[in-house]
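In: pasting the structure only:
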């Protein structure tokens, strides 16, 4: 049985019918595949790499997936855990000429499926928000300050709707966790 998250009513008070079906975590199957290389770098190393890439290619554009499941009758967000300390939404950097949806489907397949491009297609929904890195610093912001003309990075969050059942296959050096939404809010120390 699915749970529903509803977007509610429009300004006239009429129900709009925007409903997202989320299914229990028990409807999904989990496996592992060989580990993938992960850069072991400090924050300073990452910012230096961001500067080098910016000089070569310009602004970095990333896409990430917001994937919800139901656990104990509450919505949970699926997060990838890397090195027991870093939590992130599945996704990654776009290739030149690649659309946002193509990139997100490619990244989801490479990080959460048996083989890239295998299995059922991912249903990428609407863009939920954008986060900006205006300067070469660690923090990202939910809006771009008007005085910033050349941002360094933009990350777009997309809702990904899951089917009633699916197999997730995650690299052995990652963990796929279902984290309650109430633990995400203002909890950057635990979940990034």
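Out: Now that the structure is in, tell me what you want to look at. Please read all numbers here as calculations on a predicted model, not as lab measurements.

In: Quick check: residue 74 touching residue 183?
Out: No: look at residue 74 against residue 183 with CB atoms under 8 Å: they stay out of range, at 10.1 Å. C-betas here are computed from N, CA, C, even on glycine.

In: elements contacting the longest helix seen in the chain?
Out: In the chain, ranked by residue count with DSSP state H as the criterion, the top helix is helix 43-57. Helices and strands touching helix 43-57, by 3 or more CB pairs under 8 Å, 6 or more residues apart in numbering; DSSP states H and E, are strand 60-66.

In: any weak-confidence spans in the chain?
Out: 1-17, 40, 114-120, 186-192 (pLDDT under 70).

In: ok, 80 please
Out: Residue ranges of the chain with pLDDT under 80: 1-18, 39-41, 83-85, 114-120, 185-192.

In: before we move on, the earlier item: could you check the angle strand 60-66 makes with the longest helix of the chain?
Out: 120 degrees (axes from the mean of the first three to the mean of the last three CA atoms, to 10 degrees).

In: Which residues does helix 43-57 contact?
Out: 39, 41, 60, 96, 133, 136-138, 152-153 (CB atoms under 8 Å, 6 or more residues apart in numbering).

In: Name the residues of it that are buried.
Out: 47, 50, 54 (16 or more other CB atoms under 10 Å).

In: Which secondary structure element is home to the residue nearest to residue 159 when sequence neighbours are not counted?
Out: Nearest residue to residue 159, sequence neighbours excluded (CB to CB, 6 or more residues apart in numbering): residue 125, at 3.9 Å. According to DSSP states H and E, residue 125 maps onto strand 123-133.

In: And that strand, what's buried?
Out: 124, 131-133.

In: Residues touching that strand, excluding its own?
Out: 50, 60, 65-66, 100-101, 104-105, 139-144, 148, 151-163.

In: Dump the buried residues of strand 123-133 to CSV, plus distance to residue 86.
Out: Formatted as CSV, the buried residues of strand 123-133 follow (distance: CB to CB, whole Å):
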residue, distance to residue 86
124, 24
131, 16
132, 21
133, 17
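
In: Could you give the number of residues near residue 100?
Out: 16 (other CB atoms under 10 Å).

In: same question, residue 134
Out: 18.

In: dump the residue contacts of it.
Out: 141, 144-145, 148, 151-152.

In: So residue 169 belongs to a strand, correct?
Out: Yes: looking at residue 169 with DSSP: H, G, I helix; E, B strand; the rest coil, it is inside a strand.
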